[in-house]
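Chemist: fold the following for me, if possible:
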Amino acid sequence: ATPGRRTVVPHARWAHLAGHGGYVFPGGTRLDISREDRTGSWRDINADGDPTPLTRRYLTLWQDHGTDPDGASYRYLLMPGADRRTVAARAADHGWLEVPANDEHRQAVRIPSLGVTAINFWRPGSCAGFTAGGPAGVLLRREGRGATLCVADPARTGAALDLRWDHPVRAVTAADPAIEVLGTGPALRLRITGGTAGATHRCALSLGG
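Modeler: Presented below is the predicted three-dimensional model:
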């Protein structure tokens, strides 16, 4: 990026900032880039600060949605400390990350190589095999024939939340007190009374199928 000029990359898949890390944009994105010199002093933000002008060069990256966007979305993977080669390799591995949902109702990612599924339900709904009766943060990590399921209530209402996972589960081998097991077998059914602190509640699963 030339200092003082705005550059547009119409289909960026990744970006790396030397000494900082990088970003990966699944599916590609329009990326706006600006490199500019900015001058200011500590006095600008503190009445007792040093008035000596200081100039530093900054690089700004952004995804421009325009003014008052409606239905716009974005997705990116942040890789702190990663070198350029690592960021480029992650961007080239199209199967590493899946995004089952990314809208105003649900946001979810899956990382098959890690056995991880993470979902935020902003309202009742279904995604990636899970059905939630209300707002919920859900994190599943599968390891062999077992799994750990974590659930939190971001709304902190204290009301009971029903959660279903459409996957064979032989048994719930351990669970926090806030979790009530309603059923296992072809699907797992839980009721979580999470309280008002937004805490995470966990259970350990023995998987079937």
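
Chemist: what does stretch 119-127 rub up against?
Modeler: Residues from elsewhere that reach stretch 119-127 (CB atoms under 8 Å, 6 or more residues apart in numbering): 100-101, 104-108, 128, 130-139, 154. Heads up, the C-betas are built off the backbone N, CA and C, glycines and all.

Chemist: just the ones in strands from those, please.
Modeler: Taking DSSP state E as the definition of strands, the contacts of stretch 119-127 contribute Pro100, Ala101, Arg106, Gln107, Ala108, Phe130, Thr131, Ala132, Ala136, Gly137, Val138, Leu139.

Chemist: what about stretch 196-209, start to end distance?
Modeler: 36 Å (CA to CA, to the nearest Å).

Chemist: now do stretch 147-161
Modeler: 20 Å.

Chemist: and it, which residues are buried?
Modeler: For stretch 147-161, a neighbour-count test (16 or more other CB atoms under 10 Å) marks Ala147, Leu149, Val151, Ala152, Asp153, Ala155, Leu161 as buried.

Chemist: contact partners for the closest residue to Leu140 other than its chain neighbours?
Modeler: In space, and not counting its chain neighbours, Leu140 is closest to Thr117: 4.5 Å by CB to CB, 6 or more residues apart in numbering. Counting by CB under 8 Å, 6+ apart, Thr117 makes contact with Ala108, Val109, Arg110, Ala128, Gly129, Phe130, Val138, Leu139, Leu140.

Chemist: which residues touch the helix or strand hosting Ser206?
Modeler: Ser206 belongs to strand 200-207 when elements are defined using DSSP states H and E. Contacts of strand 200-207 with the rest of the structure, by CB under 8 Å, 6+ apart, involve 137, 139, 142, 145-152, 167-176, 178-179, 181, 188, 190, 192, 194.

Chemist: let's see it at 7 Å
Modeler: 145-152, 168-176, 178-179, 188, 192, 194 (CB atoms under 7 Å, 6 or more residues apart in numbering).

Chemist: now, of the residues you listed, which are buried?
Modeler: Applying 16+ other CB under 10 Å to those flags Ala147, Leu149, Val151, Ala152, Val169, Val172, Ala175, Ala178, Ile179, Leu188, Ile192, Gly194 as buried.

Chemist: so the second one bridges to which residues?
Modeler: The one in question is Leu149. Beta-bridge pairing of Leu149, defined through DSSP bridges, involves Leu140, Cys203.
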